[in-house]
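Q: Show me how the following folds:
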Amino acid sequence: MRALALLPLFLGVSAHADVPLDDLLKRLGEAEERKLAVPACRVVESSVTESLDKDGKVKGRLTRSYEVTRSGTTVFARKLLSQKEEGDLPSQLKAEPKDPPKNEDGKARLSPFHPRARADYHFESAPGSGEDLLTVRFAPLKADKQRMKGQAVVDARTGKVLSLSMSPSDMPPMLKELQMDFLTYAETPCEWQPTRMKLAGSGGLLLYKVRFRSEVTMTGHQKVDVPGTVPEAR
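A: Sure thing, here's the model as predicted:
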């Protein structure tokens with residue numbers, strides 16, 4: 001019997017890889033609830049966005065940083081810290097970020113793993129590329145422009161997301177493709193948060209096409225209070 005218990009060590013198989021999917025989703029949901037329970041989080045988001053030609057060569061570049069304060073899924077403040085434009089940039093890439101209205105139902109902005117959103121999605125899991133790692137794939141039960149499909153690499157031992165890739169389950173108008181990859185996560189004063197993200201997309205109408213890619217880093221997380229507000233989507 002003791003030899004059977006040691007078998008995973010000799011085979012290089014994780015004893016945690018057999019965590020039932022329902023248990024893992026419950027842990028992932030609890031992590032989302034802890035993150036959204038933070039009164040508010042202030043972070044510096046620094047981005048480099050590049051406009052590309054049809055061959056993928058860089059036509060223009062926008063380097064920008066903001067101080068952003070979020071509570072739940074709602075942005076309460078966004079302050080421009082720096083901005084630099086180079087080369088040819090279409091107006092869409094130079095526009096200020098548009099945050100969803102504060103009075104909008106935030107359910108669609110919740111992680112698929114959040115308990116309030118989970119019933120709207122289908123999940124399946126598969127062994128990951130390393131010990132204790134699982135790949136969790138998700139897709140909404142009904143395709144929706146506001147809901148994502150994709151997959152996450154999860155540490156089955158800790159129940160933490162290590163990377164996340166997703167795209168709209170139903171592409172919005174004027175977008176041909178959009179891919180978002182959250183590449184790294186870290187423990188912060190605002191719980192377990194993504195710290196680096198890449199985006200790539202293309203779209204447009206007829207002869208007017210836009211191709212772009214962007215890399216965003218999130219640093220300096222601070223837990224703060226938002227006086228007189230009740231955060232949404234918790």
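
Q: use CA for all of it now, contacts and neighbours both
A: Noted.

Q: Could you check the pLDDT of Gly228?
A: According to the prediction, Gly228 has pLDDT 53.

Q: again with Leu4
A: 38.

Q: pLDDT score for the spatially most central residue of the chain?
A: For the chain, the residue nearest the mean C-alpha position is Phe182 (5.3 Å; Cα atoms, centre = their mean). The model reports Phe182 with a pLDDT of 97.

Q: what element comes up after the strand or helix carrying it heading to the C-terminus?
A: Here Phe182 sits within strand 175-188, counting by DSSP states H and E. Next along the chain after strand 175-188, taking DSSP H and E as the criterion, comes strand 191-205.

Q: Show me what that next one is packed against.
A: With contacts taken as 3 or more Cα pairs under 8 Å, 6 or more residues apart in numbering; DSSP states H and E, strand 191-205 sits against helix 21-36, strand 175-188, strand 208-224.

Q: now the ones you listed in a markdown table, with distance to Lys84?
A: Converted to a markdown table, the helices and strands packed on strand 191-205 look like this (distance: least, Cα to Cα, whole Å):
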| stretch | distance to Lys84 |
| --- | --- |
| helix 21-36 | 32 |
| strand 175-188 | 23 |
| strand 208-224 | 14 |
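
Q: How far does stretch 20-32 sit from its chain's centre?
A: 17 Å (Cα atoms, centre = their mean, to the nearest Å).

Q: Identify the residues contacting that stretch?
A: 111, 113-115, 124-125, 156, 159-161, 192 (Cα atoms under 8 Å, 6 or more residues apart in numbering).

Q: how about it: buried residues?
A: 21, 24-32 (16 or more other Cα atoms under 10 Å).

Q: Spatially nearest residue to Gly72 (excluding sequence neighbours)?
A: Ranked by Cα to Cα, 6 or more residues apart in numbering and with sequence neighbours excluded, the top spatial neighbour of Gly72 is Leu36, at 4.6 Å.
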